[in-house]
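Asker: predicted structure and sequence below. I'll ask about it afterward.
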Amino acid sequence: MSVQPSISFARFAVPRKGTVFVLSAEGAGLSEAASACDPARTLERAAPVADFTGKGGTSLEVLAPEGGGLDRLVALGVGKASALDEYAWLKLGGAVAAGLRKASDVAVVADVPGAEAGPAQAAGLAAGILLRSYSFDKYKTRNNGTDAKDERKPARITIHTADPAAAKKAFAEIEAVVGGVLVARDLVNEPANALGPVEFAARIKEMEALGVSVEILTEKEMKKLGMGSLLGVAQGSPRGARLAVMQWKGGKAKDKPVAFVGKGVTFDTGGNSMKTASGMEDMKGDMGGAAAVTGLIHALAGRKAKVNAVGLVGLVENAVDGHSQRPGDIVTSMSGQTIEVLNTDAEGRLVLADVLWYCQDRFQPKFMVNLATLTGAIMVALGQHYAGLFSNNDDLAGRLVSAGQATQERLWRMPLGPEFDKLIDSKNADMKNIGGRFGSAIVAAQFLQRFVNDTPWAHLDIAGTALAAPANEINQSWGSGFGVRLLDRLVRDNYEG
């Protein structure tokens, strides 16, 4: 929703105007390319006075330096050159975006002495700029006393690198992934009055322009399929439920797809097991899993990934009226298994139960990964810097953990087992939807496992990372878009071609 800067790439040259960012490694100073900028001599003289050594996260700024027409010259400390990894270049891009201020013409010298600074690194720096530049200001009519409609033009950023053509090519792919992250952030940030199940489904339908095949199942169609578990959650809202099915067919026709399933509760009051008023406004983000799946399919289509992928999101509103589901109700899921609903605020697993079953039954995928803002308990266990990972398959779990390390969308594997499974056995139905206070995040995952059969499956509980997560170098938004880069990396590294 924010004004995004425009980014281009050029061969190393001496910038003559505007704002220039150069990178300084700890103990190594500026690169030869950066030193070629005449005013850089001013930085070199100012550094010892300001005690600037190139330590990571530090910066040195000179305003209107002598010897040229530059407005500002900024040195960004990158720390030890040997420690610069993929994520570090994203963070450097975020540091550039944070330091833009009102600059309109910006040059960034993407070179670090003693470190690899090729096309991939330049592209990563550009991606970090875009990710950090995002803000959700769609509904602001005034900003700091000025008319928000009088928007300034986006900054023009030129990244100077040794091989601009290769950097541009590398950026084309990563830009598509950034686009998917921003789609997810937009969806999570939208207020619930503007984004219900029908409106969310309409947003997904727009992805047909990218070559994604989209089907939207209505309540009538879901009722015919026997999705009593999902529809039970939706019955208290006048806003109809939807099941969106996205297919990206970039692989060989005979290849089974990889599958991703998202919880899409567009607002969660808790139903008759009502939440407290404190913080309930955050429940507009209870569709963070569905947003991540939507953003992922957007990213795969945008970069023309060579894979067959399906994304399914169950979209409902958990509201309260005279038709709402009651504690003690028993529903029949699409699988034929019956569920005693003891707590209507444990609704996400009821939605996912039917969508997971439908996914494995219809598509018979290589694996299924579901994402859901499922339990507050996962935050008690892991805080807000890791998402919980539950899986019935060690290979899939290992690949997810590796993808999380590479993207810094980190996962921590949690246990599953029969001792937890028996906690959801019910005297009145095949199972109940809660199992008591202790280990409740595990019990929720154990519930979901009853609807996957033998399909390799993983459940990511992203309650602490998808919304209201701590801001960082590449995200200042309430909705983080967590999961898009992670799952794109999983696909890219293991399932394409």
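Answerer: In hand now; what should we look at? Numbers count the residues shown, from 1 in each chain.

Asker: check the gap between residue 446 and residue 423 for me.
Answerer: Look at residue 446 and residue 423: by C-beta to C-beta, to the nearest Å, they are 7 Å apart. In short, each C-beta sits where N, CA and C put it, glycine included.

Asker: same check, this time on residue 492
Answerer: Using C-beta to C-beta, we find residue 492 at a distance of 38 Å from residue 423.

Asker: so who does residue 402 touch?
Answerer: Taking C-beta atoms under 8 Å, 6 or more residues apart in numbering as the criterion, residue 402 is in contact with residue 493.

Asker: what's the pLDDT at it?
Answerer: Residue 402 carries a pLDDT value of 98.

Asker: find the helix or strand that it is a member of.
Answerer: According to DSSP states H and E, residue 402 maps onto helix 394-407.

Asker: and that helix, which residues are buried?
Answerer: Buried positions in helix 394-407, judged by neighbour count with 16 or more other C-beta atoms under 10 Å: 396, 397, 399, 400, 401, 403, 404, 406, 407.

Asker: got it, and stretch 169-184?
Answerer: Buried positions in stretch 169-184, judged by neighbour count with 16+ other C-beta under 10 Å: 170-171, 173-184.

Asker: with the residues you listed in mind, which one is nearest to residue 275?
Answerer: For the buried residues of stretch 169-184, the closest approach to residue 275 (C-beta to C-beta) belongs to residue 184, at 23.7 Å.

Asker: residues in contact with that closest one?
Answerer: Contact partners of residue 184, counting by C-beta under 8 Å, 6+ apart, are 288, 291, 292, 294, 295, 479, 481, 482, 483, 484.

Asker: give the contact list for the nearest residue to it once chain neighbours are set aside.
Answerer: What sits nearest to residue 184 in space, not counting adjacent residues and going by C-beta to C-beta, 6 or more residues apart in numbering, is residue 295, at 3.3 Å. Residues in contact with residue 295 (C-beta under 8 Å, 6+ apart) are 180, 181, 182, 183, 184, 187, 481, 483, 484.

Asker: repeat the analysis, applying 10 Å as the threshold.
Answerer: Going by C-beta atoms under 10 Å, 6 or more residues apart in numbering, residue 295 touches 177, 179-188, 262, 311, 481-485, 487-488.

Asker: residue 208 and residue 246 touch, don't they?
Answerer: Yes: here residue 208 reaches residue 246: they are 9.4 Å apart, a contact under C-beta atoms under 10 Å.

Asker: which residues are in contact with each of these two?
Answerer: When contacts are counted by C-beta under 10 Å, 6+ apart, the set common to residue 208 and residue 246 consists of 214, 301.

Asker: which one's more surrounded, those two?
Answerer: Higher neighbour count among residue 208 and residue 246: residue 246, with 26 against 12, using other C-beta atoms under 10 Å.

Asker: give the contact list for that one.
Answerer: 204-205, 207-208, 210, 212-215, 260, 293-294, 296-298, 300-301, 309-313.

Asker: that older thread, next structured bit after the host helix or strand of the residue nearest to residue 184?
Answerer: Using DSSP H and E, residue 295 falls within helix 288-302. Moving toward the C-terminus from helix 288-302, the next helix or strand (DSSP H and E) is strand 308-318.

Asker: average pLDDT for stretch 265-281, rounded please.
Answerer: Average pLDDT, stretch 265-281: 96.

Asker: that older thread, tell me the one of the buried residues of stretch 169-184 nearest residue 462?
Answerer: residue 184 (10.9 Å).

Asker: the closest one: what secondary structure?
Answerer: Following DSSP: H, G, I helix; E, B strand; the rest coil, the label given to residue 184 is helix.

Asker: and for the one 4 residues further on?
Answerer: For residue 188, the secondary-structure state derived from three-state DSSP is helix.

Asker: and the one 4 residues further on, by the same measure?
Answerer: Recorded secondary structure, residue 192: coil (three-state DSSP).

Asker: understood, closing this out.
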